[in-house]
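A.B. asks: Pasting a predicted model and its sequence here:
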Amino acid sequence: MNQTFRRRVVITGLGAVTPLATGVEESWQKLCQGKSGVARITKFDPSGFKSQIAAEIKDFHPEDFLDKKKIRRTDPFIQYALAATRMAIDYAGLAINGTNASRVGIVLGSCAGGMTTYEKNLFALRDEGPEKVSPFFIPAFIANMAAGEISMAFGARGPSECVVTACATGSNSIGDAFRLIQYDEADAMIAGGSDAYILPVGIAGFDKMRALSRRNSEPEKASRPFDKDRDGFVIGEGAGVVILEEMESAIQRGAKIYAELAGYGSNIDGIHITEPDWENQARCLKLALNDAAVSPYEVDYINAHGTSTALNDVSETKAIKAALGEHSKKVPISSNKSMLGHLLGAAGVVEAISTVLTMRDGVIPPTINYDTPDPECDLDYVPNIARRAQVNIALSNSFGFGGVNATLVFRKFQE
């Protein structure tokens, strides 16, 4: 791609609601400490389920971010998104007003949308009839309403999209927002993902696919990416939002810049709905590196998709080897999902935030529960203990059901 006319894009704001904490810095500290957010499900009685564990949001108080009327009318996935956006905008010190509103856009994705609202109204229809369906059912359910609520709350009037690409949603949201700024469609973008899908139907559906861990007696040890004894992923919930800005305008307003988003690659396997294709994943990594004009030998760290499923972890390992060659043996790789679980549409954004903070602080969070090496997963996964390292260029991978792949390339910022 011709790089001569593309504008540079930087990250100035970060916001997150995760199973470890409400807030970026506390979540980050717990990641570096190797804390697990996985426990037995409390949102419903999971006794009849084969998988009874999840990474639930534990300390989120919506009244800290929304008024009572908005809380009543919105689904948790929207509430998480609004909270993460408020944090990210505050982090960035970004004022959205009549002068710049039309140049500030939103790309906010979700795998499932307002499933809590959907379930509640489905039961109301079944048990009490159509009159008991809420007039706010549809606005609280449809996936694009998180972006709509963000626009109404913060005044953004630029381009708006809702990305739905399964587990790649968050990274695709950032990538699409990146392109809009690069090609002068916007000067700043609110980019993120949010999901709240710890519900009986969600747990049952994923478990029937044999995708979920059933290590119910040791929840905190259930998510174990790249470990030989892994038995599936752990579903999580939450939201992540980043503020992307055109570099010159960010510098002019005196914004603190946390990293540069240097490249983005995305493609689709076209092979199988759930089984990954490592060759096409490798091509996605190469697309991102080429987009960033970065050599494989310059990569200092990879934040892996790392789901803790048998097929994904082997496929991602092969993809990294194919994309980075011999250098893959020297690159530290870690999976936040070992602690956060799989946040679905929010995963790619929260992991991108972690990648940026790795570059800021020079600390790589560990892959916890890595006890028994898998011969097919034979790279450096930063097992169990965080590691200090200077990271100037980092990748963040996301690979989703349906064969959707996305890779982001971050660079330590230099004017």
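C.D. replies: Perfect, thanks for sending it.
A.B. asks: Going by neighbour count, which residues of stretch 244-259 are buried?
C.D. replies: 244-247, 249-250, 255, 257-259 (16 or more other C-beta atoms under 10 Å). Backbone N, C-alpha and C define where each C-beta goes, glycine included.
A.B. asks: average model confidence for that stretch?
C.D. replies: On average, the pLDDT along stretch 244-259 is 97.
A.B. asks: CA-only coordinates of that stretch, as PDB, when you get a sec.
C.D. replies: Output in PDB follows, covering the C-alpha atoms of stretch 244-259 (Å, rounded to 0.1, in the frame of the first residue of the first chain):
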ATOM      1  CA  LEU A 244      -7.000   7.200  18.300                       C
ATOM      2  CA  GLU A 245      -5.900  10.600  17.000                       C
ATOM      3  CA  GLU A 246      -4.100  12.000  14.000                       C
ATOM      4  CA  MET A 247      -0.600  12.600  15.200                       C
ATOM      5  CA  GLU A 248      -0.200  16.300  14.400                       C
ATOM      6  CA  SER A 249      -3.500  17.300  15.900                       C
ATOM      7  CA  ALA A 250      -2.700  15.300  19.100                       C
ATOM      8  CA  ILE A 251       0.600  17.100  19.400                       C
ATOM      9  CA  GLN A 252      -0.900  20.500  18.800                       C
ATOM     10  CA  ARG A 253      -3.400  20.100  21.600                       C
ATOM     11  CA  GLY A 254      -0.700  18.800  23.900                       C
ATOM     12  CA  ALA A 255      -2.000  15.300  24.400                       C
ATOM     13  CA  LYS A 256       0.000  12.700  26.100                       C
ATOM     14  CA  ILE A 257       0.800  10.000  23.500                       C
ATOM     15  CA  TYR A 258       1.100   6.400  24.700                       C
ATOM     16  CA  ALA A 259       2.000   4.700  21.400                       C
END
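A.B. asks: So what's the gap between that stretch and the chain middle?
C.D. replies: 22 Å (C-alpha atoms, centre = their mean, to the nearest Å).
A.B. asks: And stretch 105-123, by the same measure?
C.D. replies: With C-alpha atoms, centre = their mean, you get 16 Å for stretch 105-123.
A.B. asks: now stretch 292-311
C.D. replies: Counting by C-alpha atoms, centre = their mean, stretch 292-311 comes out at 15 Å from the chain centroid.
A.B. asks: tell me how far the ends of stretch 174-191 are from each other?
C.D. replies: The straight-line separation of the ends of stretch 174-191 (C-alpha to C-alpha, to the nearest Å) is 5 Å.
A.B. asks: quick one on the thing from earlier: I'd like the buried residues of stretch 244-259 laid out as TSV, including secondary structure and distance to residue 283.
C.D. replies: Below are those laid out as TSV (DSSP: H, G, I helix; E, B strand; the rest coil; distance: C-beta to C-beta, whole Å):
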residue	secondary structure	distance to residue 283
244	strand	25
245	strand	30
246	strand	29
247	helix	28
249	helix	33
250	helix	32
255	coil	35
257	coil	30
258	coil	29
259	strand	25
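A.B. asks: Can you name the two of these that sit furthest apart?
C.D. replies: The distance between the two most remote of the buried residues of stretch 244-259 (C-beta to C-beta) is 16.5 Å, for 249 and 259.
A.B. asks: ok, back up a step: which one of the buried residues of stretch 244-259 sits closest to residue 228?
C.D. replies: residue 259 (33.9 Å).
A.B. asks: Can you tell me which of the buried residues of stretch 244-259 lies closest to residue 21?
C.D. replies: residue 258 (18.6 Å).
A.B. asks: quick one: contacts for that closest one?
C.D. replies: Applying C-beta atoms under 8 Å, 6 or more residues apart in numbering to residue 258 gives the contacts 10-12, 14, 356-357, 359-360, 413.
A.B. asks: Give me the buried entries from those.
C.D. replies: Applying 16+ other C-beta under 10 Å to the contacts of residue 258 flags 10-12, 14, 356-357, 359, 413 as buried.
A.B. asks: Need these in CSV (columns: secondary structure and distance to residue 278).
C.D. replies: Below are those laid out as CSV (three-state DSSP; distance: C-beta to C-beta, whole Å):
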residue, secondary structure, distance to residue 278
10, strand, 32
11, strand, 29
12, strand, 35
14, strand, 31
356, helix, 27
357, helix, 28
359, helix, 27
413, coil, 32
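A.B. asks: what's the most distant pair in those?
C.D. replies: Between any two of the buried ones among the contacts of residue 258 (C-beta to C-beta), the greatest distance is 15.0 Å, for 10 and 357.
A.B. asks: Export the buried ones among the contacts of residue 258 to a markdown table and append columns for pLDDT and distance to residue 301.
C.D. replies: A markdown table is the format used below for these (pLDDT from 0 to 100; distance: C-beta to C-beta, whole Å):
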| residue | pLDDT | distance to residue 301 |
| --- | --- | --- |
| 10 | 98 | 19 |
| 11 | 98 | 16 |
| 12 | 98 | 21 |
| 14 | 98 | 18 |
| 356 | 98 | 11 |
| 357 | 98 | 12 |
| 359 | 98 | 8 |
| 413 | 94 | 16 |
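A.B. asks: can you list the residues that contact the host helix or strand of residue 289?
C.D. replies: Taking DSSP states H and E as the criterion, residue 289 maps to helix 278-292. By C-beta under 8 Å, 6+ apart, the residues outside helix 278-292 that reach it are 1, 262-271, 295-296, 299, 314-316, 318-324, 393, 395, 397, 399, 403, 405-409, 411.
A.B. asks: Could you list which of those belong to strands?
C.D. replies: 262-268, 393, 395, 397, 399, 405-409, 411 (DSSP state E).
A.B. asks: on that earlier part again, let me know the closest of the buried ones among the contacts of residue 258 to residue 108.
C.D. replies: Closest to residue 108, out of all of the buried ones among the contacts of residue 258 and judged by C-beta to C-beta, is residue 14, at 15.0 Å.
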